[in-house]
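Enquirer: below are the sequence and a predicted model; questions follow.
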Amino acid sequence: MKKIMVSMALLFFVTACKKENTVESNSGQNTESSQKTEFHAENIKEKIQYNRAVQAAIWGMPAVNFELMYKEMEKINGSYNQVLLWPELLNWKNQTLTPNPDVIYLMPFFNTEKGPVVLEIPPADNGTFNGSVMNCWQAAIEDVGPGGMDKGKGGKYIILPPGYDKSKIPSGYFVMQSDTYRGYALLRSVLKSGSPADVKAAVDYGKRIKLYPYAQTSSSPQTVFIDASKAEFNSAIPYNDNFYQALNDIVQEEPFLERDRAMIDALKTIGIERGKTFAPDARIKEIFNSASKDAREYLLSIYENTKPFYAGTNWFFPASDEYKLSVMKSYVTPGIYPVDNRGVCYMMAFFSAKHIGESQYYLLALKDKEGNFLKGNSNYKVIVPANVPVKQYWSITLYNRETHTFIRDKKWAGRSSQTPGLKKNTDGTVTLYFGPKPPAEGESNWIPTDPKGDFELLARFYGPTKALYDQSWKLNDVEKVN
């Protein structure tokens, strides 16, 4: 009996060791970002460094996300107070996090260190914007366009640096007070249809925006547009020591916000200190590599277990009520600071509207109707009910679940109500298919997958109406078909 108990104990010990030293993502994929050898601290200092590096990754996710996008802009000779423009619908070369392939993207990046910056938005006449202006933590300052301060009439927005005296600004501007010097806007020029003519019209409408320093107002300054469509634009989050280099860059560029002062000493512990050179040695890099992956695993555990939007289904909205309130109230609500949920959102996306879910709404699916993760080597379908509750359009886009980016080298990443040639069923429903090869019905309603990886789906509703929120209209679960 003792021998049996000893053998069972030994088996348990060996199994536990194997589990401890091989980390596999919840999707079942063994990938570079999800595999690691367990980090073992040699002393209390390293243990604290590891713990603080995990927290720094969770806390710093939105700022690092921003910094990575700006660094990509620099690679194509862009700079602050200029506008990134994709003058066509996005393809896989845009490797940002869960971008929208059914609108025209413009991203004005601003820096107010030398004074206020003006963003001019045209009226919603020959086009319309869904968009927001954000600080470098991607906290929305305000929305623009029909869902924003100008209510679709257009106008001049002036972005003020921290501590700027608003009384110096003459009337006629929509004032945006930023608490950081740097930031950006995400402007989506919405298509009337997916036709080439309407794509061109959306691009032309987008080019009517203007961005320039307020000090140059009297000299008729020209807006500089940077074409980002030619090269790969890759701002996917690196879960290694490079994450902390980007975090250090932000710390060097921006003063700490009052709410984040508790992070000052924590960051010093891992070598990130304002005004000091960041020079991690080989051992701290090893700590960073392990800590960033564990931060990701923790955020994934929240992401993958978010409460469903519709009871009993697998569609969900990743932003918590506390996070939505924090964005709307500029993080001043006492008693809440949802750093974890914020980390979840910026692990898999960029951008935040001031009024989350009003001009557009999102639902995500990682699993099929049976509760299994979506596999790229299998075939699936989803039936979109008739009369989708939107004023503009709806879409479903497919992403690599490991990176939350478009799958590389695919012809397209999504289908929408504006996709030319999209087929409807006789009852007004639309069946979309997902898999490595087109279904027998053809390619019109099909979105290709990568047979070597898992995927996730993002449903977008532009101009959502009441039936979405009260759930009198309900999106069906994804079904496996083989």
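Expert: Cool, got the structure.
Enquirer: quick one: the strands in the stretch 51-200 of the chain?
Expert: 82-85, 94-95, 103-111, 117-121, 129-135, 140-144, 155-160, 173-177, 182-190 (DSSP state E, counting those that start in this stretch).
Enquirer: deepest of those strands, which one?
Expert: strand 129-135 (a mean of 27; mean count of other C-beta atoms under 10 Å). The way it works is simple: take the backbone N, C-alpha and C, and place the C-beta from them, glycine included.
Enquirer: could you give the average pLDDT over that one?
Expert: The pLDDT scores in strand 129-135 average 96.
Enquirer: between the strands of the stretch 51-200 of the chain, which gets nearest to Glu42?
Expert: Closest of these to Glu42 is strand 94-95, at 37.0 Å (criterion: C-beta to C-beta).
Enquirer: so which strand or helix has Tyr323?
Expert: Using DSSP states H and E, Tyr323 falls within helix 321-328.
Enquirer: pull the number of nearby residues for Gly453.
Expert: 17 (other C-beta atoms under 10 Å).
Enquirer: state the distance from it to Pro438.
Expert: In this structure, Gly453 and Pro438 are 19 Å apart, going by C-beta to C-beta, to the nearest Å.
Enquirer: how about Ile270?
Expert: In terms of C-beta to C-beta, Ile270 sits 49 Å off from Pro438.
Enquirer: of the two, who's got more company?
Expert: Shown here are Ile270 and Pro438; by other C-beta under 10 Å, Ile270 has more neighbours (24 against 15).
Enquirer: contacts only, for the more buried one.
Expert: Gln49, Arg52, Ala53, Ala56, Tyr244, Pro280, Ile284, Ile287, Phe288 (C-beta atoms under 8 Å, 6 or more residues apart in numbering).
Enquirer: what residues are up against the residue most central in space within the chain?
Expert: The chain has Ala349 as the residue nearest its centroid, 1.2 Å off, counting by C-alpha atoms, centre = their mean. Each residue near Ala349 by C-beta under 8 Å, 6+ apart is listed here: Leu97, Thr98, Pro318, His404.
Enquirer: closest one to Leu257 out of the contacts of Ile270, please.
Expert: Closest to Leu257, out of all of the contacts of Ile270 and judged by C-beta to C-beta, is Ala56, at 15.1 Å.
Enquirer: count residues in the vicinity of the closest one, would you?
Expert: Count around Ala56 with other C-beta under 10 Å applied: 25.
Enquirer: gap between it and Leu89?
Expert: In terms of C-beta to C-beta, Ala56 sits 37 Å off from Leu89.
Enquirer: tell me who's in contact with the closest residue to Leu257 other than its chain neighbours.
Expert: Computed as C-beta to C-beta, 6 or more residues apart in numbering, the closest residue to Leu257 that is not its neighbour in sequence is Asp179, at 6.0 Å. Counting by C-beta under 8 Å, 6+ apart, Asp179 makes contact with Asn135, Pro162, Leu257, Ser330.
Enquirer: which among those residues gets closest to Glu74?
Expert: Nearest to Glu74 among these, with distances taken as C-beta to C-beta, is Asn135, at 19.1 Å.
Enquirer: ok, the closest one touching Ser178?
Expert: Yes. Here Asn135 reaches Ser178: they are 5.1 Å apart, a contact under C-beta atoms under 8 Å.
Enquirer: quick one: common contacting residues for those two?
Expert: With C-beta under 8 Å, 6+ apart, Asn135 and Ser178 have common neighbours Ile141.
Enquirer: on the three-state scheme, Ile336 is what?
Expert: coil (DSSP: H, G, I helix; E, B strand; the rest coil).
Enquirer: separation between it and Lys166?
Expert: Counting by C-beta to C-beta, the gap from Ile336 to Lys166 is 27 Å.
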